[in-house]
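J.: Prediction below, plus the sequence it came from.
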Number of protein chains: 2
Amino acid sequence: VNYAVIVAGGAGTRMAGAQLPKQFVEIAGKPVIVHTIEAFLSADPETEIIIPLPAQWLDHWQQIKGKYFPGKKILSANGGETRFHSVRNSLEFTMPLSIVAVHDAVRPVVSPDFIKATFSHAASYLTAIPALPVYDSLRNREHGKTVSVDRSQFFMIQTPQCFQQEILLKSYQQEFNPDFTDDASVVEAAGFELSFTEGNKFNIKITTNEDLRLAECLLKSD
Amino acid sequence: VNYAVIVAGGAGTRMAGAQLPKQFVEIAGKPVIVHTIEAFLSADPETEIIIPLPAQWLDHWQQIKGKYFPGKKILSANGGETRFHSVRNSLEFTMPLSIVAVHDAVRPVVSPDFIKATFSHAASYLTAIPALPVYDSLRNREHGKTVSVDRSQFFMIQTPQCFQQEILLKSYQQEFNPDFTDDASVVEAAGFELSFTEGNKFNIKITTNEDLRLAECLLKSD
């Protein structure tokens, strides 16, 4: 059996007036995170889903789960202080000899075929990190001004990032470092080689209200 | 009067079996370049449109123009060997005391409001370069391997890039340098300061077939 840790980023606080975290916003008729989980279950219904969540969003999530996945086993892990801690807590539920995908809850347009290809790449090469070329001109801020850089030497990294469970578990025994931006950087810092695979342009990450509209558009046109 | 140079990138060759350049592909009922030109004319019907084109695509473009913009004055300039040469040829048609926008023909989802804001920024600050933060993790290839870099120090650059005509004209008197990736880099190399403005996530650049679908989705949902 394989695992998918669906990391629900964003606000750990639940305050009156605060914006609903993007993973819970409804687009195309369902909360973002429901689209995301459905893509993983559609790729393989046996995948065990693990959702790290801060305590104050647990009730909200349980209501969503009851409505969209009644009777389905979906684990909730303790959401930590940072994404690193959330993933580490989630790994306690995983077993060896499996592949673990870590995916952003706010990438709901990820396709089942893309998920299958990523798991399958990791099964052969131990890790699978989806990467896309940069198509726009790219500038780097240096000493208060920006300079044009050679975009052909840069790659945008997406999720799901898939790993042999033992590699991921071992990597997460490191101490937290604020330079860890994703699981690939954690695994690399632990001394493992990364294997890259081709990303998918539709697999957008929802961070702004504009992205919500983009994602809705793509989900509806499927 | 202001100008918009709509740069039709892609293949300068017209061969049997070669793919139709993306700017001529039909999405949402019209060729990509028609959506793009309409956005500029909708922002300001007085804008003079200049299209640099390789000779072998002139007939094809004239047919499109006849169908979608009958009687409208739209200039064709000689498409050069590179984007730099195409823009330089186009500038021969521009007059001083104006703002010149240079825009990728393959960014058809650009909105009239965004175009207006960019022209207006350049009217105050001499240049206007739309920039967006990088939202995905970013890696840089160094010595055959990739390293994670701090994405908060990088920006994706879009078009339209707008300039006071004299600045752009003077900048394009430089010799061609293959490091010129866009007009901002040409103008900066000539010693002018750039002024940045906020980019727009919907203003995607069509380079792949996936992008064609994304753009069609956005154009239809308007």
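T.: On my side now, so go ahead.
J.: Output the below-cut-off pLDDT ranges for chain A.
T.: By pLDDT under 70, the weakly predicted segments of chain A are A:9-18, A:222.
J.: And the helices in it?
T.: With helices called from DSSP state H, chain A shows them at A:32-43, A:58-68, A:83-91, A:112-125, A:165-171, A:183-189, A:209-220.
J.: Take those helices and lay them out in a markdown table including distance to chain B.
T.: To be clear about C-beta, it is placed using only N, CA and C from the backbone, and glycine gets the same treatment. Below are the helices of chain A laid out as a markdown table (distance: least, CB to the nearest CB, whole Å):
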| stretch | distance to chain B |
| --- | --- |
| helix A:32-43 | 15 |
| helix A:58-68 | 24 |
| helix A:83-91 | 11 |
| helix A:112-125 | 11 |
| helix A:165-171 | 14 |
| helix A:183-189 | 4 |
| helix A:209-220 | 4 |
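J.: would JSON lines of those with mean neighbour count be doable?
T.: Listed next are these as JSON lines, based on neighbours: other CB atoms under 10 Å in any protein chain shown:
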{"stretch": "helix A:32-43", "mean neighbour count": "22"}
{"stretch": "helix A:58-68", "mean neighbour count": "14"}
{"stretch": "helix A:83-91", "mean neighbour count": "21"}
{"stretch": "helix A:112-125", "mean neighbour count": "18"}
{"stretch": "helix A:165-171", "mean neighbour count": "19"}
{"stretch": "helix A:183-189", "mean neighbour count": "24"}
{"stretch": "helix A:209-220", "mean neighbour count": "19"}
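J.: Of all those helices, which one is nearest A:H103?
T.: Comparing the helices of chain A against A:H103 with CB to CB, the closest turns out to be helix A:32-43 (6.9 Å).
J.: which other residues reach that closest one?
T.: A:4, A:6, A:8, A:22-28, A:47, A:49, A:51, A:61, A:64, A:68-69, A:72, A:74, A:101, A:103-113, A:115-116, A:119, A:206, A:212, A:215, A:219 (CB atoms under 8 Å, 6 or more residues apart in numbering or on different chains).
J.: Narrow the residues you listed to just the buried residues.
T.: Using 16 or more other CB atoms under 10 Å in any protein chain shown as the burial test, the contacts of helix A:32-43 include A:4, A:6, A:8, A:22-25, A:27-28, A:47, A:49, A:51, A:61, A:64, A:68, A:74, A:101, A:103-111, A:115, A:119, A:206, A:212, A:215, A:219 as buried.
J.: and A:E81, how many neighbours?
T.: A:E81 has 10 neighbours, counted by other CB atoms under 10 Å in any protein chain shown.
J.: Got phi/psi on it?
T.: Taking degrees, to the nearest 10, you get phi -70, psi -40 for the backbone angles of A:E81.
J.: how close does it sit to A:D183?
T.: To A:D183, A:E81 is 17 Å away according to CB to CB, to the nearest Å.
J.: Check A:H103 too.
T.: A:H103 is 10 Å from A:D183, where distance means CB to CB.
J.: before we move on, what about A:D104?
T.: The gap separating A:D104 from A:D183 is 11 Å, by CB to CB.
J.: what do those two both touch?
T.: A:T159.
J.: ok, back up a step: okay, and the common contacts of A:H103 and A:D183?
T.: Contacts common to A:H103 and A:D183, judged by CB under 8 Å, 6+ apart, are A:T159, A:Q161.
J.: follow-up on the earlier one: from the buried ones among the contacts of helix A:32-43, which ones fall inside strands?
T.: When DSSP state E is applied, the buried ones among the contacts of helix A:32-43 are split such that A:A4, A:I6, A:I27, A:I49, A:I51, A:I74, A:A101, A:H103, A:D104 fall in strands.
J.: Next, the contact list for the residue nearest to the last one when sequence neighbours are not counted, please.
T.: Once flanking residues are discounted, A:D104 sits nearest to A:T159: 5.0 Å by CB to CB, 6 or more residues apart in numbering or on different chains. By CB under 8 Å, 6+ apart, A:T159 lies in contact with A:A101, A:V102, A:H103, A:D104, A:R107, A:V110, A:P130, A:D182, A:D183.
J.: ok, back up a step: greatest separation within the ones in strands among the buried ones among the contacts of helix A:32-43: which pair is it?
T.: Spatial extent of these (CB to CB) is set by the pair A:I27 and A:A101 at 22.0 Å.
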